[in-house]
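Below are the sequence and a predicted model for it; my questions follow.
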Amino acid sequence: MNIKDGILLMLAILVFGWLILKAKPTIKDPMALGEIAVIDTIKPVIKQDTIHSVKGKNALFIGDSHTAADYGWQHQLCKKTQMKYLNTAVGGKQTAWMVEVAKQNINSGYDYCFIYGGANDMASNRAPIKAVKNIQKIVNMCLAKQVTPIVLTGFDPLTCVAVGNRTAYKMYPSRYAKFQQLLIDSIQGAKVLKTHCISRTDCGDYLCHMTGSGHRKMCNFIISACRFKVY
């Protein structure tokens, strides 16, 4: 190889090397022929709550007049979910009475126990914490028998109760509201549902004994909150 050819070869090598350094590999079209496309096949998983079938399960209801109505929310709840039930609720009763009913009726044959009381305690100027302790006693009895306790707070007394000029009930709404908040904050071992799902128009009297629309709303709220399957 003469000197001229050697110089030309060296220049060619330098130019080729410069072109390699300046070139930047790019993918203009990831899906073009000959190109490599990396597709992310990992999709975010959206957590969904499980719908529980309680068909054929046994439910016990303990409460006062807000649970005692024939064909009320408790009946509608069991009809829609196809649970079997015993309703022990009696109008005008307080939580101390409910504790005694619980002693007589709670047993391992029940799957669920719905507890809805306290209104009469609050109307009778009982200390909210005493009524809450009675509800906790019922919850504890359920747990001892492997029964799932579900506690209902009831309607919002600050918007649903209309005591008017009835001085004897003047403090009832605020006392009942305090009781409900104590249920939410302090009850242990039970699912506590804040059932503020009805409005004043769903109340049949000044103490908010529910009309048909109120019972339907209460039933549907519980089904949704507990994720029960309906039939």
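Cool, got the structure. Numbering: from 1, shown residues only.

Below-threshold pLDDT in the chain: ranges please.
1-48 (pLDDT under 70).

List the buried residues of stretch 57-71.
Across stretch 57-71, burial judged by 16 or more other CB atoms under 10 Å covers 57-69. All C-beta spots, glycine's among them, are computed from the backbone N, C-alpha and C.

Likewise for stretch 75-84?
Neighbour-count burial for stretch 75-84 [16+ other CB under 10 Å]: 75, 76, 77, 78, 80, 81, 83.

Now go through the residues you listed and say which are in helices.
The members of the buried residues of stretch 75-84 that map onto helices under DSSP state H are 75, 76, 77, 78, 80, 81.

I'd like the residues you listed written out as a markdown table, with distance to residue 145 added.
Listed next are those as a markdown table, based on distance: CB to CB, whole Å:
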| residue | distance to residue 145 |
| --- | --- |
| 75 | 24 |
| 76 | 26 |
| 77 | 21 |
| 78 | 20 |
| 80 | 25 |
| 81 | 21 |
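
ok, the residues you listed vs residue 185, which is closest?
Nearest to residue 185 among those is residue 77, at 25.5 Å by CB to CB.

which one is the closest one nearest to, not counting chain neighbours?
residue 219 (4.8 Å; CB to CB, 6 or more residues apart in numbering).

and what of residue 90?
According to CB to CB, 6+ apart, the nearest residue to residue 90 is residue 68 (5.9 Å).

what residues are up against that neighbour?
Counting by CB atoms under 8 Å, 6 or more residues apart in numbering, residue 68 touches 87, 89, 90, 91.

let's go with 10 Å and repeat that
By CB atoms under 10 Å, 6 or more residues apart in numbering, residue 68 lies in contact with 61, 74, 87, 88, 89, 90, 91, 92, 93, 209.

What remains of these if I keep only buried residues?
The buried subset of these (16+ other CB under 10 Å) comprises 61, 74, 87, 88, 89, 93, 209.

Tell me the spacing between the fifth one and residue 129.
Computed as CB to CB, to the nearest Å, the residue 89 to residue 129 distance reads 23 Å.
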